[in-house]
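Enquirer: Need coordinates for the following:
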Amino acid sequence: MLKRRLSYYLLLIWHDYVTEAPAILFEFLGQWGTPFQIFRKIRVMDPIAETRGYFVATIEHALTLIETVDLVRFNRVQREIHSVISARSLLGSSYGRPLRTCLVDMRCFYVKDDPDAFIKIVASALVREATVGHLVSKGMVRTRRNRLRFNQLCNREARRFLQKVGVEITTPWDSEPQQVAFWKRVATAFHGVFGCDYATEAELWKESGIPYKREKNEN
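Expert: Residues are numbered from 1 along each chain as shown. Alright, predicted model coming up:
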């Protein structure tokens, strides 16, 4: 038992701390000096002022949805995620175990003219990343050898949540052929409606009906 426990911690340190050191540094710098709001004991932050109100409101709505429909998964999200940060990501979301940080790129989950489905898919991303942390807490470390099975377990949790809230459109957690179609749609969105102009992105969220939360010092 001691040998197994020791091997687990050595593997965890290597994979989640040593090989992920650049990501840990990025997450730390992303939180440094960035305004944040605490909702349901989770810090929510976006370093970009133009999109901050939309991101904070979306995450708050997503957390409220999880809490309302699935208290078990909500408790897991609260336990495994301490901060949710808006960050660019081709995969839509990612999880950093050392700081228990979840990075979310809302652009990857954009659903045109359907803000409710958009919030549900963002919520499923939080459920998925919390599952990553949950599996690590249970003694399972994601390695090159078990990566496929590990990811499948996390994707399955996200799909189950989406089924529970009645989402039937293509999502990133579906079967392989559908994943290809989903990521093609994401690529189209990236090169089409989205760009590096944050003001334009904020205007898109506004036109799409995405919720917005004003900061205390905002007029």
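
Enquirer: longest single helix anywhere in this structure?
Expert: Longest helix in the chain, counting residues (DSSP state H): helix 115-137.

Enquirer: Downstream of that one, the next helix or strand is which one?
Expert: Per DSSP states H and E, the first helix or strand lying C-terminal to helix 115-137 is helix 147-164.

Enquirer: Outside of that following helix itself, which residues are in contact with it?
Expert: Contact partners of helix 147-164, identified using C-beta atoms under 8 Å, 6 or more residues apart in numbering, comprise 66, 69-70, 73, 120-121, 123-125, 127-129, 131-132, 135, 140, 142, 171, 173-174. C-betas here are computed from N, CA, C, even on glycine.

Enquirer: what angle sits between it and helix 115-137?
Expert: Helix 147-164 and helix 115-137 are oriented at 140 degrees to each other (axes from the mean of the first three to the mean of the last three C-alpha atoms, to 10 degrees).

Enquirer: what comes up buried for helix 147-164?
Expert: 150, 153-155, 157-159, 161-162 (16 or more other C-beta atoms under 10 Å).

Enquirer: Put the alpha carbons of that helix into PDB.
Expert: Extracted in PDB, the C-alpha atoms of helix 147-164 (Å, rounded to 0.1, in the frame of the first residue of the first chain):
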ATOM      1  CA  ARG A 147      -5.200   9.300 -21.600                       C
ATOM      2  CA  LEU A 148      -7.900   8.000 -24.000                       C
ATOM      3  CA  ARG A 149      -9.800   6.200 -21.300                       C
ATOM      4  CA  PHE A 150      -9.300   9.000 -18.800                       C
ATOM      5  CA  ASN A 151     -10.700  11.600 -21.300                       C
ATOM      6  CA  GLN A 152     -13.600   9.200 -22.200                       C
ATOM      7  CA  LEU A 153     -14.600   9.100 -18.500                       C
ATOM      8  CA  CYS A 154     -14.700  12.900 -18.300                       C
ATOM      9  CA  ASN A 155     -16.500  13.300 -21.600                       C
ATOM     10  CA  ARG A 156     -19.100  10.800 -20.500                       C
ATOM     11  CA  GLU A 157     -19.900  12.800 -17.400                       C
ATOM     12  CA  ALA A 158     -20.300  16.000 -19.500                       C
ATOM     13  CA  ARG A 159     -22.600  14.100 -22.000                       C
ATOM     14  CA  ARG A 160     -24.700  12.800 -19.100                       C
ATOM     15  CA  PHE A 161     -25.100  16.200 -17.800                       C
ATOM     16  CA  LEU A 162     -26.200  17.600 -21.200                       C
ATOM     17  CA  GLN A 163     -28.700  14.800 -21.600                       C
ATOM     18  CA  LYS A 164     -30.100  15.700 -18.200                       C
END
